[in-house]
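S.K.: need the 3D shape of this:
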Amino acid sequence: MKHLLSIITGLAVLSAPAMAQTAAPSGDVAIVAPSQQYCVTVMSGFPNDDHVARYQFFRLTQDIAEGATPQFRAALSQYGDADVNAQTPILDVIEAIANPVLRQAAPEMVIGFMEHLIDFEDRCGVYLDGQISSLKAYDGDLIWEDPLIAEDALFLRQILSESLERAGASNDPSHAFASQDYAANLISTRDNMEFQVFTTEIDDLEALYMTDLDGRLARSNDIINKEMDRESLDDAITLANDMDKDFKEKEDQRRLYTLWRILGR
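M.R.: Residues are numbered from 1 along each chain as shown. Got it, this is the predicted structure:
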């Protein structure tokens, strides 16, 4: 996995009271809705409170859930089998999905872990949107279309697709279309991402080429200017020498004329 562990290292511990409590008169006990309590419980399993890591994880979770139609989620429910609940640390869930041994030996567990993340995004989407908006307002440098997050999300989705294939979903008449359609969409997404990378690299090469060309033109202009300056200097020296020679000749003639007048008297 290229970037995922660096992204999720130190995911957020959200303040449960801040999210869980609804407005209540002073001294009263706040009321927590069941779905709200679930979201608070899951979010409290994030390793730390670094705001960048928390933002990256929320965006990663949103990208992971992309393309999970009701039909596809039915396939996940059918083939997923993992001992995971709201108290399971999210970091453990991610690490289990990325574990190559587990992917080969127990694809149904990987499916179950991914189903947990997708279900979390579905049930807690409002909280994710709220937290993302708050974090972007707090730190304007946070990137929405982060290519590293998109790459990691696609990697996890490909793991899920491969796990469903190993579990036999593609041969199940009830879930074959949903799983195959999901896999086809992943190929399209990968192609689009690679094209974006390609265009970015082309733009970088073009910028590098233009910078190099500008440098070469600047150096050429400097050389031309120096040559022009040298020619101008040579012309100035020649002119000065000519004027000096002419002045000397006229001065010699004046002196000879003066001497002739003196001797002529």
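
S.K.: what's the mean pLDDT across whichever strand or helix holds residue 78?
M.R.: Counting by DSSP states H and E, the element that carries residue 78 is helix 70-79. Helix 70-79 comes out with an average pLDDT of 90.

S.K.: likewise stretch 175-183?
M.R.: 88.

S.K.: what sits up against that stretch?
M.R.: Contacting residues not belonging to stretch 175-183 are listed as 67-69, 71-72, 74-75, 78-79, 157, 161, 164-165, 169-170 [Cβ atoms under 8 Å, 6 or more residues apart in numbering]. (Each C-beta comes from the backbone N, C-alpha and C, glycine too.)

S.K.: list only buried entries from these.
M.R.: 68, 72, 75, 78, 79, 157, 161, 164, 169, 170 (16 or more other Cβ atoms under 10 Å).

S.K.: residue 143: what secondary structure?
M.R.: coil (DSSP: H, G, I helix; E, B strand; the rest coil).

S.K.: so which pair among the buried ones among the contacts of stretch 175-183 is furthest apart in space?
M.R.: 78 and 157 (18.1 Å; Cβ to Cβ).

S.K.: where do the helices sit along this structure?
M.R.: Assigned by DSSP state H, the chain shows helices spanning 4-8, 16-20, 34-43, 51-64, 70-79, 90-98, 100-105, 107-123, 125-138, 147-167, 176-264.

S.K.: how about low-confidence regions in the stretch 1-150 of the chain?
M.R.: In the predicted model of the stretch 1-150 of the chain, residues 1-34, 46-49 satisfy pLDDT under 70.

S.K.: with respect to residue 238, which of the buried ones among the contacts of stretch 175-183 is nearest?
M.R.: Closest to residue 238, out of all of the buried ones among the contacts of stretch 175-183 and judged by Cβ to Cβ, is residue 157, at 78.3 Å.

S.K.: Provide a list of residues in contact with the closest one.
M.R.: 64, 66, 67, 182, 186.

S.K.: which of the residues you listed tops the neighbour count?
M.R.: For the contacts of residue 157, counting by other Cβ atoms under 10 Å, the largest number of neighbours falls to residue 64: 24 neighbours.

S.K.: distance of the residue nearest to residue 69 when sequence neighbours are not counted from residue 172?
M.R.: With Cβ to Cβ, 6 or more residues apart in numbering as the criterion, residue 69 has its nearest non-adjacent residue at 6.5 Å, and that residue is residue 178. Residue 178 sits 10 Å away from residue 172, going by Cβ to Cβ, to the nearest Å.

S.K.: residues shared between the contacts of those two?
M.R.: Contacts common to residue 178 and residue 172, judged by Cβ under 8 Å, 6+ apart, are residue 75.

S.K.: neighbour-wise, which of those two wins?
M.R.: A direct count of neighbours by other Cβ under 10 Å for residue 178 and residue 172 places residue 178 higher, at 22 against 16.

S.K.: that one and residue 146, how far apart?
M.R.: From residue 178 to residue 146 the distance is 28 Å (Cβ to Cβ).

S.K.: who touches residue 219 in this structure?
M.R.: With contact set as Cβ under 8 Å, 6+ apart, residue 219 has no partners.
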